[in-house]
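> Structural data only, the sequence is not supplied:
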């Protein structure tokens, strides 16, 4: 990845209308470009971070035995009329007619669609439990979209749906997913609290939210740091400073959080109106018991930046960084340039992801400022000074001191860093 | 991938409203599920084929030095007013208002959006040429969507955009892309003709289409099989049986084709209204010269099925097959089942993609019919008969005869098949 050919550019100043740290840094670093409030382009570096986030989610969903599919965003009105949500979700769903008068909605979620598909797949108790997920673009009519990637009108989500014959099967899988979610967030170096929450529009049954503490978060969580008990502010009766009901000596505080995931026991809320039923061993018909599980992909990218940055820019966790190393060549000297090319080729050939700052006519200061802003874990510098030692200067973005390393030792060094 | 846990099911009969071979086979094989005309879900097997198609396209686009980004589908009216296309594309663009009265369009293409982003990236001749692409969901208001995946209201496309300082740079890159496109289609075992075509809505300048011969195609191409000269019917003056102007002795015929790709020289059609300009070495400002290049991802999946099937089902080219092998276990005998599990584990551990038909209480005939319909290149059978020889029966979907192979020889055999 040559920086000179990347369809992206860093900015000296954040756009004036961006207030949140994630929106400012992602825009300045050339990760995203705003088309309108709540609607962004992922520029190449941002696209790569998003792909890494998706890759982690995908691995953990596949590990659950869920198969990946892709449902459409454009839904006919009839699909939503079946559950009454065409009317009840009017304020958040983009709904419109085509020139022939046909009515469509853009899906903010897919319970109706997946349940309808399920009627062609699930017939017997032997077909259950089963689960499926997608990573897909959703739309939500937001009167006041804001905060960069945190609350979008168009955004990517991972949504998983599970189907069960009984409550026990549901309860077991629900717990497994809860742990898979915590693993997903941990792999991105995020600490998520599981909060008890109300089901919202979706469900009158039990639901949980996954919250990450960040000042840009739009939610408020009642948290006991001693035992980890967390509750959504909306349903909590505990004021800041109150005793935690789950732990003697614990005191709760109210903290700003970003909701990066949620899980809902749906029961038969969707299977009944959509006639998603199975036959038990005796041949009797029952509605399938469902649950849905969401992770906000774009919001995760924003949340990671909120948590992992310093005053110079983003500090990407290795697992989601757009590249493993940022190779920076200084000056215009032909020998130095040739050596940098050699380093780039050698590392790329080893399968390493390298962003190569091969741009001309820029000072070391300008290039270093950009590298810090972009926040790739390891910075490699090739200059007249390093070439004199026949070495490359390596510096960790996080807290490293520069050290000179021979080219032959780089792959092992950077490879071990990746773990 | 265990078939018993796949969110998908084969159908005995194709849905009555599907007339094209690709729609019938993809629906019967459980690759896609129709939500409404022109809007489909990719079920897990279809999703995997789509991912393979995308993987090939991505490799060839990256080889061009183009960087991948992801632009949104939801566009504000202002973005399209800039070029006058809000009005001129009214009949094919979904346009609507939210509850606050704000006007949106769902993007059927992204020239306006990418040119506007380019104004923050391209400033000088030194920034050119540059190119970027995305694989993204597009929307197109079709009064009569039809033919399965061939003409969708919602569909995935790869769209590449290139930016140049002069016509020569554009012409060179345009030729390179043309060859990359032919390579993409060849890797999917499709023979594409490059036809000269009119620019349509996009361009009054030169453009080319990539056509694959198939009876489900909606286009008509005037073709000389002797020299390969091809021309879009819309601009051709040649009747069937006429002498080919490019080759002595050649006679043209009219054939039904499916358009799988198109490339357009856009010139300054978009850069001028959007103020996308660069400074030359002397400091003078010029509009950037642009081109755009599309490949229909979903349509490719449909076209591959049109070309690669027989009377028993789909015959996937190896490069895009949902798995390398389809392992089928017959009967309920515990030892047979255990051996099949062992084969599945061994192959999966080697990194091979295996669809494992572990379903119970199905006859050999039912399982073989499904395997032929699904069309994975190699079928592996484990049964009492094969276990008696301590072997697996291997049969190529295309034209193979069954042969017994020891488990230890399978990876090499299937691996070499994959080339």
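Looks like it came in fine. All values reported here derive from a predicted model rather than from experimental measurement.
> Helix or strand with the lowest mean pLDDT in chain A?
helix A:410-417 (a mean of 76; mean pLDDT, DSSP states H and E).
> so where's the stretch 201-350 of chain A shaky on pLDDT?
By pLDDT under 70, the low-scoring segments of the stretch 201-350 of chain A are A:201-205.
> helices or strands next to the least confident helix or strand of chain A in the packing?
With contacts taken as 3 or more CB pairs under 8 Å, 6 or more residues apart in numbering or on different chains; DSSP states H and E, helix A:410-417 sits against helix A:334-349, strand A:378-382, strand A:392-396. C-beta here means a position set from N, CA and C on the backbone, and glycine is covered the same way.
> Out of those, which one sits most buried?
strand A:378-382 (a mean of 25; mean count of other CB atoms under 10 Å in any protein chain shown).
> Relative to the whole chain's centre, how far out is it?
The chain centre lies 28 Å from the centre of strand A:378-382; the measure is CA atoms, centre = their mean, to the nearest Å.
> model confidence over that strand, on average?
Averaging pLDDT along strand A:378-382 yields 98.
> What strands flank it, and is each parallel or antiparallel?
Applying DSSP bridges, strand A:378-382 is found paired with strand A:325-329 (parallel), strand A:392-396 (antiparallel).
> between that strand and helix A:334-349, what angle do the directions make?
Going by axes from the mean of the first three to the mean of the last three CA atoms, to 10 degrees, strand A:378-382 is angled at 150 degrees with respect to helix A:334-349.
> Need the residues that contact strand A:378-382.
A:324-330, A:336, A:339-340, A:343, A:354, A:368, A:371, A:392-397, A:400, A:402, A:410, A:414, A:417 (CB atoms under 8 Å, 6 or more residues apart in numbering or on different chains).
> Going along the chain, name the strands of the stretch 151-300 of chain A.
With DSSP state E, counting those that start in this stretch as the criterion, the stretch 151-300 of chain A has strands at A:154-164, A:192-197, A:207-213, A:219-224, A:230-232, A:252-267, A:277-279, A:285-287, A:289-296.
> Can you say which of the helices and strands packed on helix A:410-417 is nearest to residue A:109?
strand A:378-382 (39.5 Å; CB to CB).
> near chain B, which residues of the stretch 251-400 of chain A show up?
residue A:360 (CB under 8 Å from any CB of the partner chain).
> Helices of chain A, residue ranges please.
For chain A, the helices defined by DSSP state H cover A:21-28, A:44-63, A:77-81, A:85-88, A:111-118, A:167-187, A:297-307, A:334-349, A:364-374, A:384-388, A:410-417.
> Most tightly packed of the ones you listed?
A comparison of those by mean neighbour count, using mean count of other CB under 10 Å, puts helix A:297-307 on top with a mean of 26.
> Tell me which other helices or strands that helix touches.
The elements that helix A:297-307 packs onto, with contact taken as 3+ CB pairs under 8 Å, 6+ apart, are helix A:21-28, helix A:44-63, strand A:154-164, strand A:207-213, strand A:252-267.
> Now render those as a markdown table, adding distance to residue B:232.
Converted to a markdown table, the helices and strands packed on helix A:297-307 look like this (distance: least, CB to CB, whole Å):
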| stretch | distance to residue B:232 |
| --- | --- |
| helix A:21-28 | 43 |
| helix A:44-63 | 34 |
| strand A:154-164 | 35 |
| strand A:207-213 | 53 |
| strand A:252-267 | 49 |
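> Of all the ones you listed, which one is nearest residue A:106?
Residue A:106 lies closest, by CB to CB, to one member of the helices and strands packed on helix A:297-307: strand A:154-164, at 8.7 Å.
> what's the angle from the closest one to helix A:297-307?
110 degrees.
> is strand A:154-164 anywhere near chain B?
Yes - counting by CB under 8 Å from any CB, chain B has neighbours in strand A:154-164: residue A:154.
> How far off centre is that strand?
13 Å.
> Distance-wise, check residue A:191 relative to residue A:28.
Distance, residue A:191 to residue A:28, using CB to CB, to the nearest Å: 26 Å.
> no no, residue A:238
To residue A:28, residue A:238 is 39 Å away according to CB to CB.
> now residue A:411
Distance of residue A:411 to residue A:28, given as CB to CB: 31 Å.
> same question, residue A:412
Distance, residue A:412 to residue A:28, by CB to CB: 33 Å.
> ok, now residue A:237?
In this structure, residue A:237 and residue A:28 are 42 Å apart, going by CB to CB.
> ok, now residue A:410?
29 Å.
> can you pull up the bridge partners for residue A:70?
With DSSP bridges as the criterion, residue A:70 is bridged to residue B:42.
> Neighbours of it, how many?
Using other CB atoms under 10 Å in any protein chain shown, residue A:70 has 20 other residues around it.
> That one against residue A:133, yeah?
No - counting by CB atoms under 8 Å, residue A:70 stays clear of residue A:133, with 10.0 Å between them.
> Dump the strands of the stretch 151-300 of chain A to CSV, plus mean neighbour count and distance to residue B:257.
Output for these, formatted as CSV (neighbours: other CB atoms under 10 Å in any protein chain shown; distance: least, CB to CB, whole Å):
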stretch, mean neighbour count, distance to residue B:257
strand A:154-164, 24, 34
strand A:192-197, 21, 52
strand A:207-213, 24, 50
strand A:219-224, 22, 54
strand A:230-232, 23, 57
strand A:252-267, 22, 46
strand A:277-279, 18, 45
strand A:285-287, 14, 48
strand A:289-296, 25, 42
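> what's the spacing between the closest residue to residue A:3 other than its chain neighbours and chain B?
Counting by CB to CB, 6 or more residues apart in numbering or on different chains, residue A:357 is the residue found nearest to residue A:3 once chain neighbours are left out, at 4.6 Å. Separation of residue A:357 from chain B (CB to the nearest CB, to the nearest Å): 14 Å.
> cool, and residue A:319?
20 Å.
> which ones are touching that residue?
Residue A:319 makes contact with A:52, A:56, A:187, A:188, A:189, according to CB under 8 Å, 6+ apart.
> would you turn those into TSV with distance to chain B and pLDDT?
As requested, the contacts of residue A:319 are arranged in TSV below (distance: CB to the nearest CB, whole Å; pLDDT from 0 to 100):
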residue	distance to chain B	pLDDT
A:52	13	98
A:56	17	98
A:187	22	98
A:188	19	98
A:189	23	98
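> Kindly reformat the strands paired with strand A:378-382 as a markdown table and extend each row with distance to residue A:252.
Converted to a markdown table, the strands paired with strand A:378-382 look like this (distance: least, CB to CB, whole Å):
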| stretch | distance to residue A:252 |
| --- | --- |
| strand A:325-329 | 42 |
| strand A:392-396 | 37 |
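> Quick one: residues contacting residue A:77.
For residue A:77, the contact set (CB under 8 Å, 6+ apart) comprises A:86, A:95, A:103, A:104, A:105.
> and chain B, which of those reach it?
Among the contacts of residue A:77, proximity to chain B is found for A:95, A:104 (CB under 8 Å from any CB).
> Could you work out the most separated pair of the contacts of residue A:77?
A:86 and A:104 (10.7 Å).
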